[in-house]
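> Whatever this is, show me its structure:
(4 chains)
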Number of protein chains: 2
Amino acid sequence: METELTIQQVANSTGLSVHTLRYYERNGLIAPIDRAANGHRRYSDQNIAWIEFLTKLRTTGMPIRQMQQFAALVRERPDEVQERRILLEVHRSAVQKHMDQLSHHLAVIDWKIQHYQELEKARGSDQDCIYPVQEQPTTSSISEKRARTGSIS
Amino acid sequence: METELTIQQVANSTGLSVHTLRYYERNGLIAPIDRAANGHRRYSDQNIAWIEFLTKLRTTGMPIRQMQQFAALVRERPDEVQERRILLEVHRSAVQKHMDQLSHHLAVIDWKIQHYQELEKARGSDQDCIYPVQEQPTTSSISEKRARTGSIS
DNA sequence: CCTTGACTTAGAGTGTGCTCTAAGACTTAG
DNA sequence: CTAAGTCTTAGAGCACACTCTAAGTCAAGG
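Below you'll find the predicted structure:
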């Protein structure tokens, strides 16, 4: 039994809008979808699987252009898998790099939050809160830091 | 000795363009910068520190609106730190969530790469490569998975 | 003196990725 | 028979975050 979903159903199940689904198809991210007698799109299981993978590429930051490339490779050389692998590997390392950056920056934000917490604690017991010189972890080092005069942000 | 950098120097050191620096100032992300006698901006160490922190918020995906809010809190209630902390905590958990999603999706991409590698290996030794049914890890489960008929992307 | 170059402003333009509109066909429910 | 609802298309519009332009000021170097 082949499931044959409408665009609306696919929108609901994938989280993409019907607009976006058509937009993706128009732009070659999704191969032309089979039509019902009335011309309406009917999505197969494979279509859904493809769309789900696409959205994973999207949410990891792959630009539309690159997804177009990837989709073109699948359509034009379905039995030549190497180029696709390389494309994905390039993307993977970009995502990895991005995540590394995120986690570093998150550490700085964490640090700031903690700094604020300490200020709040001090505020509870202090008379009129003299702001200590602010230290900030940077790209180079979290511990060893020169004082920035009077930054209290 | 107060360092007093030009906008160009700040652009070079922060990686933002001079356009972006002015844009940020115009939009209240950066407080009005002190001017030299000729009206040119002169950035202090504190300004730089602030801009560096801003870019961390930006690169972790905080929208301009929220950075405006944060900057407004710093300017308008410099000694009330709680709201800022909460704002950052909200952002932190958003970033955390985003990173979790990224790493899950990255796992799927990794899986695909490996799948391709296996196809390439098989291709070297096989006669004419019959594609196995493709399995894909999904949000729900990586191991237990129904077969999708004939998807070979 | 004059050119080069960095700066200023307000405001227009750009790229990305959607997101929606308009006009029309078709199906189903009342 | 009609109205509501879902689909189709081509193409316009939008949000975001820049990015650049135009027109002008100013200072230093040749």
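
> show me where pLDDT drops low in chain A?
Chain A contains residues with pLDDT under 70 at A:1-2, A:123-153.

> can you list the residues of chain A near DNA strand C?
Taking Cβ under 7 Å from any atom of the strand as the criterion, the neighbours of DNA strand C within chain A are A:17, A:19-20, A:22-23, A:37-39, A:58, A:63-65. In this view, the C-beta of every residue, glycine as well, is placed from N, C-alpha and C.

> Tell me which two in those residues are the farthest apart.
Spanning the widest gap among the residues of chain A next to DNA strand C are A:Ala37 and A:Pro63, at 36.7 Å by Cβ to Cβ.

> do you know how far the nearest residue to A:Gly28 once chain neighbours are set aside is from DNA strand D?
Nearest residue to A:Gly28 in three dimensions, chain neighbours excluded: A:Gln68, at 5.2 Å (Cβ to Cβ, 6 or more residues apart in numbering or on different chains). For A:Gln68, the distance to DNA strand D under the criterion Cβ to the nearest atom of the strand, to the nearest Å works out to 17 Å.

> A:Gln68 touches A:Leu29, doesn't it?
Yes. The pair formed by A:Gln68 and A:Leu29 meets the contact definition of Cβ atoms under 8 Å, at 6.1 Å.

> Which of the residues of chain A next to DNA strand C fall within helices?
Among these, the members found in helices (DSSP state H) are A:19-20, A:22-23, A:58, A:64-65.

> ok, the longest helix anywhere in chain A near DNA strand D or not?
The single longest helix within chain A, with elements called by DSSP H, is helix A:82-125. No. In terms of Cβ under 7 Å from any atom of the strand, no part of helix A:82-125 sits within range of DNA strand D; the closest distance is 14.2 Å.

> Which elements pack onto that helix?
Under the contact criterion of 3 or more Cβ pairs under 8 Å, 6 or more residues apart in numbering or on different chains; DSSP states H and E, helix A:82-125 touches helix A:64-76, helix B:45-59, helix B:82-125.

> Now render those helices as TSV, adding mean neighbour count.
Formatted as TSV, these follow (neighbours: other Cβ atoms under 10 Å in any protein chain shown):
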stretch	mean neighbour count
helix A:64-76	15
helix B:45-59	19
helix B:82-125	15
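
> Between these, which one is closest to A:Lys121.
When the helices and strands packed on helix A:82-125 are ranked by proximity to A:Lys121, the top entry is helix B:82-125, at 11.2 Å, counting by Cβ to Cβ.
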